[in-house]
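Colleague: got a predicted model here, sequence first, then my questions.
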Amino acid sequence: MHIPTLLAKKRDGEVLSQQELSWFIEHLSEIPNEQIGAFLMACQINGLNSDETYHLTTSMLESGETLPLNPTAVDKHSTGGVGDKMSIILAPALRACGATVPMLAGRGLAHTGGTIDKLESIPGFDTGLSIEAMKENPCFISRQTNEIAPADSILYAIRDVTATVPCIGLITASILSKKAAEGIHSLVLDVKYGRAAFMQHSEKARELAVSMVQVGTQLGIQVTAQLTQMDHPLGNWLGNSHEIYESIQCLKGIGPEDTMELVHAQAKALGFDIKEVIGNGSALEEFRKMMIRQGVDTDIADALLHDPWSVLPRAPQQYVLKAPQNGNIADIDALIIGQVLCESGAGRSKQGQEINHGIGIQLHKKVSENVEEGEPIMTLDADYGFDMHLLQRLNDSIKISDYQVKDGSRILETITIENCS
């Protein structure tokens, strides 16, 4: 097949056939990066229709190995946010209900935190399970391997440097090629919109959700997508080890309302009520078992559940931001907070960069709550010599007003194959 001809076809807005997309993915490792970049940019500009998206997804799926189909296997995927720790809570809770949970997760991207980075703040936690270990494991959270959807790794690395990350067809193929490789029966998608989401507006988030529901259904997976708001941080603890701490609190039944709303809604979308397993401690026990199966020493796992900060790293210096006046919390900008955490060392500014798992934030107040002058609003755990300009930006993320702002449900809409027109 003549690659320039294929590129010209997509450049001019024509539809690529299944054979063309399959050939392109099959020969991806032989195609020069500049031609892959041209293909991706043509997709970004002209889009991929539903057939192209499905064929691209199946080609990427077939580029690697897969786990066996399992009627009890379920999973969840989030498009990323600030304080989004639901996977760490949901996976063991679902396992406690009898589900198999083969969860492939990612690292942080830009200002959004990553589940893998958070779990790696637990000493000894192995996020690089082999295919064989995944097949034997009833509940795990691990990184994508080189064997699963390897075409996605090539495409994503080039998308990241060619301004083609936002293409809905490419996002759909990237996510679902990996999820379908898990052999799952059901999938719930948390598609976020708002300032701190990759999809700023609910309309684009809905377009992505519909695309993933349709393609996932074609792949034989029962898919539910939930559109959720991401203007304000989720939960009260933000950062890597800080979110492990809060996940443990949630598994003990004492997590914040906004976080638990989404955890329960995601479990329900998969057909499970996790209230009982959180209440009786079996979800927490499944988290302990998962840690031990993934390399954590038993004594460390037990200590983590009993006294998390005796195990988790925590930066040595505390910077407390206090209210300058009486009033109500009108806004806490999740985008600014995510950016400050990233620039402080809790995230990456370039691929492969080491991160500091102990940097994080505790929120003492949430949007809509009353605050008095001098009362703490948030505490930043950081290293000595922290950049005061970043601290000022954190201050700028907080807005206090005379009126009370309502902060209701995070869930805007639930989309299934029945209502995704």
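Modeller: All right, it came through fine.
Colleague: C-alpha from now on. contacts and neighbour counts both.
Modeller: Will do.
Colleague: pull out the buried residues from the helix or strand hosting residue 340.
Modeller: In this structure, residue 340 is located in helix 334-341 according to DSSP states H and E. Neighbour-count burial for helix 334-341, with 16 or more other Cα atoms under 10 Å as criterion, is recorded at 334, 335, 336, 337, 338, 339, 340, 341.
Colleague: same question, stretch 363-372
Modeller: Within stretch 363-372, the residues that count as buried by 16+ other Cα under 10 Å are 363, 364, 365, 366, 367, 368, 369, 370, 371.
Colleague: so which of those is the closest to residue 44?
Modeller: Nearest to residue 44 out of the buried residues of stretch 363-372 is residue 367 (Cα to Cα; 36.2 Å).
Colleague: contacting residues for residue 316?
Modeller: Residues in contact with residue 316, defined by Cα atoms under 8 Å, 6 or more residues apart in numbering, are 381, 382, 383, 384.
Colleague: how about low-confidence regions in the protein?
Modeller: Low-confidence segments of the chain, defined by pLDDT under 70, are located at 107-113, 349-352.
Colleague: domain map for it?
Modeller: Structural domains annotated on the chain: 74-144+182-301, 317-401, as defined by automatic domain parsing.
Colleague: related to what we said a few turns ago, out of the buried residues of stretch 363-372, which comes closest to residue 100?
Modeller: The shortest gap between residue 100 and any of the buried residues of stretch 363-372 belongs to residue 363, at 33.8 Å (Cα to Cα).
Colleague: OK, contacts around the closest one?
Modeller: With contact set as Cα under 8 Å, 6+ apart, residue 363 has these partners: 236, 237, 377, 378, 379.
Colleague: now do the last one against residue 182, distance only.
Modeller: This points to residue 379. Between residue 379 and residue 182 the distance is 39 Å, computed by Cα to Cα, to the nearest Å.
Colleague: neighbour count winner among these two?
Modeller: residue 182 (25 against 18; other Cα atoms under 10 Å).
Colleague: does the more buried one really touch residue 65, like I thought?
Modeller: No: in this structure residue 182 lies outside contact range of residue 65 using Cα atoms under 8 Å: 9.4 Å.
Colleague: now residue 82: how far from residue 292?
Modeller: For residue 82, the distance to residue 292 (Cα to Cα) stands at 27 Å.
Colleague: looking at those two, which one has more neighbours?
Modeller: In this view residue 82 and residue 292 are compared by other Cα under 10 Å, and residue 82 has more residues nearby, 28 against 19.
Colleague: hang on, the more buried one in a strand?
Modeller: No: residue assignment for residue 82, taken from DSSP: H, G, I helix; E, B strand; the rest coil, gives coil, which places it outside any strand.
Colleague: and the gap between it and residue 369?
Modeller: Computed as Cα to Cα, the residue 82 to residue 369 distance reads 20 Å.
Colleague: same question for residue 252.
Modeller: From residue 252 to residue 369 the distance is 24 Å (Cα to Cα).
Colleague: what does residue 172 give?
Modeller: Relative to residue 369, residue 172 is positioned 38 Å away (criterion: Cα to Cα).
Colleague: again, but for residue 133
Modeller: From residue 133 over to residue 369 (counting by Cα to Cα), the distance is 46 Å.
Colleague: quick check: closest non-adjacent residue to residue 101.
Modeller: Distances taken as Cα to Cα, 6 or more residues apart in numbering place residue 139 nearest to residue 101, at 4.5 Å, with adjacent residues excluded.
Colleague: before we move on, the earlier item: dump the domains of the chain to CSV, plus distance to residue 14.
Modeller: Listed next are the domains of the chain as CSV, based on distance: least, Cα to Cα, whole Å:
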stretch, distance to residue 14
domain 74-144+182-301, 19
domain 317-401, 34
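Colleague: before we move on, the earlier item: among the contacts of residue 316, which lie within helices?
Modeller: Nothing among these maps onto helices, per DSSP state H.
Colleague: what about burial for those residues, which qualify?
Modeller: The neighbour-count test (16+ other Cα under 10 Å) marks 381, 382, 383 as buried among the contacts of residue 316.
Colleague: element containing residue 288, please.
Modeller: Secondary structure here is read from DSSP H and E; on that basis residue 288 sits in helix 282-293.
Colleague: in helices, which of the contacts of residue 363 appear?
Modeller: Secondary structure from DSSP H places none of the contacts of residue 363 in helices.
Colleague: is it true that residue 96 touches residue 282?
Modeller: Yes: the pair residue 96 and residue 282 passes the contact test of Cα under 8 Å, sitting 5.9 Å apart.
Colleague: quick one: which of these two has more around it?
Modeller: Summary of the neighbour comparison: residue 96 and residue 282, criterion other Cα under 10 Å, with residue 96 having more neighbours (22 against 19).
Colleague: the residue lying closest to the more buried one once chain neighbours are set aside: what's it in contact with?
Modeller: The shortest distance from residue 96 to any residue that is not its chain neighbour, by Cα to Cα, 6+ apart, is 5.3 Å, and that residue is residue 283. With contact set as Cα under 8 Å, 6+ apart, residue 283 has these partners: 92, 93, 94, 95, 96, 251, 277.
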